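Novice: Make a model of this:
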Amino acid sequence: MSRVAEKIKEARMKAKLTEKELAKKCGLTANYIIQIESGKRVVNEKLAESILNVLGEKLDFMSMADVAEKEVQATPEKKNKAETIKKEDFYEIKPTEQWADALANIIKKFPIYDVKTNKVVGNKELPIIGKKVEGYNWDKLLFVQASDNDMESLRIKKEDVIMVYLTSEIQNNSIYLFEIENKKMIRQLRKESNNKVVISLGNKNNEPMVTELNKIKIIGKCVEVEVDLDKK
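Specialist: Modelled structure (predicted):
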């Protein structure tokens, strides 16, 4: 069962609603809700948000990452259906003179999540060119805001906005967003041959932490940092 399916089921039970009652509130069928909660049906980001809103909950960025991963793994038929729904997340704009030659007049609004609290702290609007942002598929991107200065030695400071590419693969000495002991953090990772992972702040004065590979959940690789010069 996916994280988003678990979240929907837990929220429904917390609200003391049956599958049929929830389905009625969402304009869906009870069987559809049952399939979502059991993980038999892939639910897209917009529908997941809609269902959780009815239940008084929000889609956090971990659940959002899970939705994106499941949609990529869906069958072509299901994937095409999800992409059709996601088109509603886009809106047309009239390019300014500065953008006219570079952009395809379609932009996507990405929520920005605080790493530690999961709360949405802002939004980032970016042009989608050939279904990509900065060379990455837009539906595999996540934006987070650094919660502290722990990674200052690697030029990531508090409130910097970081673009994360959703992946579970580790490329040694790259910076990753991951979860360990129910806490999310950004650190430099190095995978060892004995299924160990070295977790580092990238600072020679701080001793790296070593843990088992199966004790961490990789959310994605940090591929770009937006620096606010006014805060430096």
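Novice: Could you double-check that Q171 lies in contact with K221?
Specialist: Yes - taking contacts as C-beta atoms under 8 Å, Q171 lies within contact range of K221: 6.7 Å. For the C-beta atoms, the positions are set from N, CA and C on the backbone; glycine is no exception.
Novice: Looking at the two, which is more packed in?
Specialist: K221 (21 against 12; other C-beta atoms under 10 Å).
Novice: Excluding chain neighbours, what is closest to that one?
Specialist: Leaving aside its sequence neighbours, K221 sits nearest to Y165 (C-beta to C-beta, 6 or more residues apart in numbering; 5.0 Å).
Novice: What's opposite that neighbour in the beta bridge?
Specialist: With DSSP bridges applied, the residues forming beta bridges to Y165 are L141, K221.
Novice: Okay, now the unreliable bits of the protein?
Specialist: The model of the chain has pLDDT under 70 over residues 1, 61-105, 228-232.
Novice: Run a quick neighbour tally on the residue nearest to K221.
Specialist: Close neighbours of Y165, defined as other C-beta under 10 Å, add up to 19.
Novice: Give the full set of residues in contact with it.
Specialist: Contact analysis of Y165 by C-beta atoms under 8 Å, 6 or more residues apart in numbering lists Y136, K140, L141, G220, K221, V223.
Novice: how does it look with 6 Å?
Specialist: Counting by C-beta atoms under 6 Å, 6 or more residues apart in numbering, Y165 touches Y136, K140, G220, K221, V223.
Novice: measure it to N31 for me?
Specialist: Per C-beta to C-beta, to the nearest Å, Y165 is found 35 Å from N31.
Novice: returning to that earlier point: pick out whichever of the contacts of Y165 sits closest to N118.
Specialist: Ranked by distance to N118 (C-beta to C-beta), those are led by G220 at 14.8 Å.
Novice: my read: that closest one touches V164, true?
Specialist: Yes - G220 is within contact range of V164, at 3.9 Å (criterion: C-beta atoms under 6 Å).
Novice: what sits in contact with each of these two?
Specialist: In terms of C-beta under 6 Å, 6+ apart, G220 and V164 are both contacted by the residues L142, L177.
Novice: which residues touch W138?
Specialist: Contact partners of W138, counting by C-beta under 6 Å, 6+ apart, are K108, I128.
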